[in-house]
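Participant: Requesting a structural model of the entry that follows:
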Amino acid sequence: MRRRCRPPPLLGSGPESGASGIVGPVDGPVHFDVIVLGTGAAGLVAALAAADTGASVGLFEKGHYVGGTSAISGGGCWVPGNDHMLDVGATDSREDALAYLGSLSFGLIRPEFAQAFIDDGPSVFRWLEESTPLRMRVVAGYPDYHPERPGSRPHGGRTLEPELFPYRSLGHWAQRVVPSHRNPHLRLSDTTLGGGTGFLPEDEVGERVRRDLRGCGAGLVGPLLRALLDRGIEPVSNARAAELVVDGGRVRGVLLDGPGGRFTAHARAGVVLATGGFEWNPELVRAFLRGPMTSPASLPTCEGDGLRMAMQVGAALYNMPYAWWVPVIEVPGEEEFGRQRASLLLRERTLPRSIMVNRRGRRFTNEAANYNALGGALHQLDAVDFDFVNLPCWLVFDAGYLRRYGFRSVPPGGSPPAWLEQAGSLPELATALGIAPDALVDTVARWNGAAAVGDDDDFARGRSAYDRWSGDADFRSSAESTLGPIDTPPFFAVEIRSGTLGTSGGARTDVDGRVLDTHGRVIPGLLAAGNAMAAPTGMAYGGAGGTLGPIITFAQRAGRAAGQGE
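Facilitator: From the prediction side, this is the model:
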C-alpha cells in the first residue's frame with residue numbers, strides 16, 4: 001500500500017546563495033542568479049549545470065512531488081556514441097548517428113540541433129557520472145526503434161539506463177519523489193520491455209527492498225536530486241509559475257503562486273522553463289495537436305504553463321502538432337493522482353496471438369511497431385468518411401494468449417478480468433464491439449494464414465529487429481516472437497486509446513536553450529528545456545529513451561548558458 005503523507009512545508013534555496021534557507025510559505029521576494037521552473041529530468045539537470053557555473057539557483061515545482069514525468073518513466077536515455085557502448089561490444093560513429101536521425105527527420109530536425117546532440121550527448125552523460133551519484137549502463141541488445149534505417153543500430157548500444165539508486169540516501173526526500181505504479185525496484189533491463197523476464201530471485205528482491213534500491217525513472221531522478229541537495233539546492237514545491245517578470249526588455253524573474261500567496265522570485269541571469277508539455281490542457285491540445293489525443297500518460301501538472309509564459313513575451317513556437325505518441329488502455333478502477341490512469345500498451349500488442357483492429361474490423365498497421373510511430377496510424381484520416389478511421393480500435397487476442405502471457409495484472413493462466421470484452425466466438429465478439437462479424441472473421445483468418453507461413457505480407461510485422469525484440473523472448477531471434485494464430489476461444493478485446501508521454505512542441509530556442517522571438521532574436525533572460533522547448537529531434541524518436549537523451553543533453557546546455565548569463 002502506498003504511504004500517505006501530509007504536504008511538507010516549502011523548502012528551497014536561500015535568497016542570496018545556493019544554501020538552503022526557505023522554510024514555510026514564501027511571503028516576500030527572493031533573489032537568485034538563475035531560476036529553474038520544473039523538477040523533471042530537464043529541470044534537475046539545468047539546475048545542476050547552472051550551479052556548476054557558480055550561480056545561485058532557485059528551483060521551483062508546481063506540484064507537491066518532485067521528479068516530474070521523468071520519475072514515472074522507464075528511465076532510458078538514448079545517447080548515440082555513449083561511453084558505455086564498448087562495455088557491451090557495440091560501436092558507433094558520428095556519421096551513422098547523423099544519418100539515422102536524418103532519415104527520420106521529415107525536414108523537422110534542424111541540422112545544428114542534430115549535430116549538437118550527437119557531439120555533446122556522450123560528454124553530458126560523462127559529466128553527470130563524474131559530478132553526481134548517477135551511474136549509467138547500456139541496456140544490452142535493445143535495438144533502435146527503426147533498425148532498418150541508414151545508420152541504425154539493430155543490435156543496440158545506444159540506450160542507457162540508470163543503475164539502481166539507494167533512496168535511503170535521500171532522507172525525507174525519498175518520500176517526495178513522484179510515486180509510480182511501476183515496481184520501483186526494477187531496472188529497465190529487468191522488465192520484459194528491456195529484455196528481461198520481469199521477475200527477480202527472491203533474495204535479490206529482498207535486498208533491493210531492504211536497501212530501497214530503485215531503478216527506471218526513479219533511478220534517474222534520485223541521484224540528480226541528491227546532487228542538488230549536496231549543493232545546498234532544495235526544490236520549492238507547491239509553487240506554480242504564473243507570469244514572467246519583464247523589465248527593460250529582459251526577463252528578470254517570475255511571479256509564483258504558493259500556499260502563502262503570490263510571491264516574486266528574481267533572477268539576475270536567467271529563467272529556465274522546464275515545466276513540461278501541454279498535454280493536460282484541453283484548449284492547447286485542440287489548438288495545436290495534429291490529431292486526437294484523449295489519454296495523456298504523463299503527470300496532470302503538464303498543462304502548458306511554460307508554453308503560455310513563453311508566448312506571453314513573444315516567443316516563436318516550433319514543432320507544435322507533434323507529441324510523443326503512445327497507445328494506451330484505461331483499466332476501470334486504476335487511478336493515479338486522483339484521475340483515471342492511462343496505461344501504456346507496449347509489449348502486450350507485440351505478442352503472438354494478438355492483433356489490433358479498427359471499427360471496420362480490419363488490421364491497419366504493424367502492431368509491433370514502436371509506440372511513437374504508431375501514433376501516425378491512429379491519426380489516419382479517411383478522406384471520404386472524413387473521420388479518423390482507426391479510432392476507436394481494439395486489441396484482440398484469444399485464450400491461448402491469456403494462458404501463455406496473461407494480461408496486465410492477470411498472470412499467465414489466470415482468470416480474465418471483468419473489464420475485458422469476452423465472447424465464445426469471433427462473430428459474438430465483433431457484435432459486442434459494434435464491428436461487422438464477417439469483417440473480423442475474415443481479418444483473423446488472414447492473420448492466421450500469415451502466422452502459419454511465418455510472414456505478415458500486409459504490414460511486415462515480424463520482419464524488423466525491433467519487432468522480434470519486443471515480443472515473446474523465447475523466440476526473440478525470429479518472427480515467431482510476434483506471429484501466432486488467434487484460434488482458441490474464448491476471444492477477448494480491449495479498447496485502445498490515443499495517448500501521449502508528453503507533447504514535443506514548444507518555444508523555439510537556439511542550441512543553448514535561449515528562447516527566440518518571432519524574428520529569430522534571443523529573448524534576453526529566458527531559456528527553455530525539456531518538453532517546454534521545441535523538441536531538438538522534431539518528431540523523431542530514435543530508440544528507447546529517445547526523449548530523455550536529448551532532453552538531458554540540451555538541459556545541460558541551457559543551464560550552463562543561464563548560469564553564465566549568456
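Participant: C-alpha only now, for contacts and for neighbours.
Facilitator: Fine.
Participant: roughly how far is the longest helix belonging to the chain from the heart of the chain?
Facilitator: In the chain, with assignment by DSSP state H, the single longest helix is helix 111-131. Offset of helix 111-131 from its chain centre (C-alpha atoms, centre = their mean, to the nearest Å): 19 Å.
Participant: now swap in stretch 450-458 and tell me
Facilitator: 32 Å.
Participant: Show the end-to-end separation of it, please.
Facilitator: 9 Å (C-alpha to C-alpha, to the nearest Å).
Participant: average pLDDT for that stretch?
Facilitator: For stretch 450-458, the mean pLDDT works out to 98.
Participant: Within the helices and strands, which one has the residue positioned nearest the centre of the chain?
Facilitator: The residue lying closest to the centre of the chain (C-alpha atoms, centre = their mean) is Leu501, at 4.7 Å. Following DSSP states H and E, the helix or strand that holds Leu501 is strand 491-503.
Participant: Check which element follows that strand along the chain.
Facilitator: strand 506-507.
Participant: Show me what the following helix or strand past that next one is packed up against.
Facilitator: Downstream of strand 506-507, the next assigned helix or strand under DSSP H and E is strand 514-516. Judged by 3 or more C-alpha pairs under 8 Å, 6 or more residues apart in numbering; DSSP states H and E, strand 514-516 is in contact with strand 522-528.
Participant: send the alpha carbons of the strand it packs on over as CSV?
Facilitator: Below are the C-alpha coordinates for strand 522-528, written out as CSV (Å, rounded to 0.1, in the frame of the first residue of the first chain):
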residue,chain,number,x,y,z
VAL,A,522,17.1,35.9,-28.4
ILE,A,523,14.7,37.0,-25.7
PRO,A,524,17.2,38.1,-23.0
GLY,A,525,17.0,36.2,-19.8
LEU,A,526,14.6,33.4,-21.0
LEU,A,527,15.7,29.8,-21.7
ALA,A,528,13.8,26.5,-22.1
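Participant: could you give the mean pLDDT of that strand?
Facilitator: 98.
Participant: So what touches that strand?
Facilitator: 249-252, 269-274, 315, 507, 509, 513-517, 555, 558, 562, 565 (C-alpha atoms under 8 Å, 6 or more residues apart in numbering).
Participant: now the angle from whatever helix or strand comes next after it to helix 111-131?
Facilitator: Per DSSP H and E, the first helix or strand lying C-terminal to strand 522-528 is helix 548-563. Angle, helix 548-563 to helix 111-131, by axes from the mean of the first three to the mean of the last three C-alpha atoms, to 10 degrees: 80 degrees.
Participant: just checking, what packs against helix 548-563?
Facilitator: strand 30-37, helix 41-51, strand 77-78, helix 111-131, strand 261-273, strand 522-528.
Participant: picking up where we left off before, what lines up beside the helix or strand that comes right after the longest helix of the chain in the sheet?
Facilitator: Sequence-wise, the next helix or strand downstream of helix 111-131 (DSSP H and E) is strand 136-138. With DSSP bridges as the test, strand 136-138 is paired with strand 159-162 (antiparallel).
Participant: Could you name the helices and strands sitting against the helix or strand following the partner strand?
Facilitator: Helices and strands here follow DSSP H and E; after strand 159-162, the next one along the chain is strand 165-166. Other helices and strands packing on strand 165-166, by 3+ C-alpha pairs under 8 Å, 6+ apart, are strand 213-214, helix 216-230.
Participant: Determine the number of other residues adjacent to Thr48.
Facilitator: Just so we're on the same page, residue 48 is Leu rather than Thr. Neighbour count of Leu48, defined by other C-alpha atoms under 10 Å: 27.
Participant: Who are the contact partners of it?
Facilitator: Ala227, Leu228, Gln556, Gly559.
Participant: Tell me the secondary structure of Glu367, please.
Facilitator: Secondary structure for Glu367, judged by DSSP: H, G, I helix; E, B strand; the rest coil, is coil.
Participant: for stretch 407-416, the distance to its chain's centre please.
Facilitator: 26 Å.
Participant: again with stretch 263-273
Facilitator: With C-alpha atoms, centre = their mean, you get 27 Å for stretch 263-273.
Participant: contacting residues around Pro29?
Facilitator: Phe263, Thr264, Ala265, His266.
Participant: meant to ask about Pro417
Facilitator: So Pro417 contacts Val410 (C-alpha under 8 Å, 6+ apart).
Participant: how much space is there between it and Pro411?
Facilitator: The value you get for Pro417 to Pro411, if C-alpha to C-alpha is used, is 11 Å.
Participant: same deal with Ser103?
Facilitator: 40 Å.
Participant: any chance of the contacts of Pro29 in TSV, plus distance to Ala452 and neighbour count?
Facilitator: Shown next, in TSV, are the contacts of Pro29 (distance: C-alpha to C-alpha, whole Å; neighbours: other C-alpha atoms under 10 Å):
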residue	distance to Ala452	neighbour count
Phe263	67	20
Thr264	67	20
Ala265	65	24
His266	67	24
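Participant: Could you grab the helix/strand/coil label for the residue of the chain positioned farthest from its centre?
Facilitator: Distance from the C-alpha centroid of the chain, by C-alpha atoms, centre = their mean, peaks at Asp438 (38.9 Å). Put simply, Asp438 is helix when judged by three-state DSSP.
Participant: isn't it right up against Leu426?
Facilitator: No. Using C-alpha atoms under 8 Å, Asp438 is not in contact with Leu426; the gap is 9.0 Å.
Participant: which residues touch Ser152?
Facilitator: Asp96, Ala97, Tyr100, Asp144, His146.
Participant: rewinding a little: any idea which of the helices and strands packed on helix 548-563 is most buried?
Facilitator: Sort these by mean neighbour count, taking mean count of other C-alpha atoms under 10 Å, and helix 41-51 sits at the top with a mean of 30.
Participant: Quick check: mean pLDDT of that helix?
Facilitator: pLDDT averaged over helix 41-51 gives 98.
Participant: okay, the angle between that helix and helix 111-131?
Facilitator: 70 degrees.
Participant: so how many other residues sit close to the residue nearest to Leu160 when sequence neighbours are not counted?
Facilitator: Leaving aside its chain neighbours, Leu160 sits nearest to Val138 (4.4 Å; criterion: C-alpha to C-alpha, 6 or more residues apart in numbering). Using other C-alpha under 10 Å, Val138 has 27 neighbouring residues.
Participant: Cheers, nothing more for now.
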